[in-house]
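S.K.: mind looking at a prediction? Sequence and model below.
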Amino acid sequence: MYPESPSEGNRWPRRGAGGKLAALRGPCNSPRVKIGLFGINFGLAANVETMLGLARAAEQAGLDSVWTGEHVVLPSPRVPPSPAEPETPMLDPAVALAYVAAETTRIRLGTGVIILPQRNPIVLAKELASVDVVSRGRLIFGLGSGYLEPEFRAIGAPFSQRGAVTDEAIRVLKALWTMERPAFEGRFFRFAGIDAYPRPVQRPHPPIVVGGMSEFGARRAARFGNGWYGFLTDLEATRRSLGWIRGFIAEGLRPPDLGEVEISVTPPPPVTADSVKQYEDLGVHRLIPVLRARTLDDGLRQVEQLGKLVAG
């Protein structure tokens, strides 16, 4: 559900926070901060009618996007740093977003985040391309490298190598989505003489948003991402991560064809007009508040309040 912890088993050197804020400016439809909603597939929203009711309301209220979380399994009993009780219902992100896509027409559909090193990227490329097709090009692919060792152990994924696996898996996904004749030769994945259709509707591929509040996540976003996503990051934590991203961009880590970085943040509550302006001043393009509701009516009231922020 949440991006990675500060240690991924890689030994990257620390970087400075130089560079200009303008380097982070990403593609926005307007100068205003876009507003999304996180938590469309778990807890209260794991109920199908509730999920769809919230998604329809979010679209009608003018929200930019709805976002899923992910944990395939959770430690039982709950132990730190697990984000939820093991009984918390959590629908698969691709399944949930495909269902939401069928009941909406405009709102973007984000994964916030898929834990990439726990997934086979070849299978995942097919799943996500399918979501982009059935949604007619509305997918935003948010990814993270994970942080719950018991989850990795249960799945059989290498926890200590999760950073390196994540980096390579991103390259695999791009190869399958963009190459005329997909082929890849890496440390963890290799293939040739295959193909996978349909390709995503969005070209060259759906936006790739890298989650993570550590320097590792900032480096990965600068190197591979169309965007960066900070989860429950306050103003200071957001400022720190943007400084890291600027530093990596200034060092030349970012390929020119990636363009600029779109910045998304799930802020701590409450989200007010004043807090939206504070994040906007930092260079944030999208805020994605967490769904905090015990009933559908509570959730609809929260969506209505967020819609008022959109309307200004």
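M.R.: Cool, the structure landed.
S.K.: those strands in this structure, which residues are they?
M.R.: Taking DSSP state E to define them, one finds strands in the chain at 34-38, 65-68, 108-111, 114-115, 139-144, 184-185, 190-191, 208-211, 227-231, 262-266, 286-287.
S.K.: present those strands as a markdown table; the columns should include distance to Thr238.
M.R.: All C-beta atoms are positioned from the backbone trio N, CA, C, and that covers glycine. Output for the strands of the chain, formatted as a markdown table (distance: least, C-beta to C-beta, whole Å):
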| stretch | distance to Thr238 |
| --- | --- |
| strand 34-38 | 15 |
| strand 65-68 | 17 |
| strand 108-111 | 18 |
| strand 114-115 | 22 |
| strand 139-144 | 16 |
| strand 184-185 | 34 |
| strand 190-191 | 38 |
| strand 208-211 | 13 |
| strand 227-231 | 6 |
| strand 262-266 | 6 |
| strand 286-287 | 10 |
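S.K.: quick one: closest of those to Ser275.
M.R.: Evaluated over the strands of the chain, closeness to Ser275 peaks at strand 286-287, with 8.2 Å, by C-beta to C-beta.
S.K.: pLDDT on that closest one, on average?
M.R.: The average pLDDT within strand 286-287 is 98.
S.K.: what residues does that strand touch?
M.R.: Contacting residues not belonging to strand 286-287 are listed as 33-36, 64-65, 262-267, 271, 276, 279 [C-beta atoms under 8 Å, 6 or more residues apart in numbering].
S.K.: how about a cut-off of 7 Å?
M.R.: Val33, Lys34, Ile35, Gly36, Asp64, Ser264, Val265, Pro267, Val271, Val276, Tyr279 (C-beta atoms under 7 Å, 6 or more residues apart in numbering).
S.K.: from Thr272, how far off is Leu306?
M.R.: As judged by C-beta to C-beta, to the nearest Å, Leu306 and Thr272 stand 11 Å apart.
S.K.: let me know the outermost residue of the chain.
M.R.: Gly193 (30.7 Å; C-alpha atoms, centre = their mean).
S.K.: report the contact partners of the nearest residue to it once chain neighbours are set aside.
M.R.: Nearest residue to Gly193, sequence neighbours excluded (C-beta to C-beta, 6 or more residues apart in numbering): Ala183, at 7.7 Å. Ala183 is in contact with Ala175, Phe191, Ala192, counting by C-beta under 7 Å, 6+ apart.
S.K.: most neighbours among the residues you listed, please name it.
M.R.: Greatest neighbour count in those, by other C-beta atoms under 10 Å, goes to Ala175: 20 neighbours.
S.K.: what's around Pro200, how many residues?
M.R.: Residues near Pro200, counting by other C-beta under 10 Å: 22.
S.K.: bridge partners for the residue most central in space within the chain, pull those for me.
M.R.: Geometric centre of the chain, nearest residue: Gly142, 2.4 Å, by C-alpha atoms, centre = their mean. Judged by DSSP bridges, the bridge partners of Gly142 are Val209.
S.K.: pretty sure it is touching Arg108, no?
M.R.: No. In this structure Gly142 lies outside contact range of Arg108 using C-beta atoms under 7 Å: 11.0 Å.
S.K.: great, nothing more from me.
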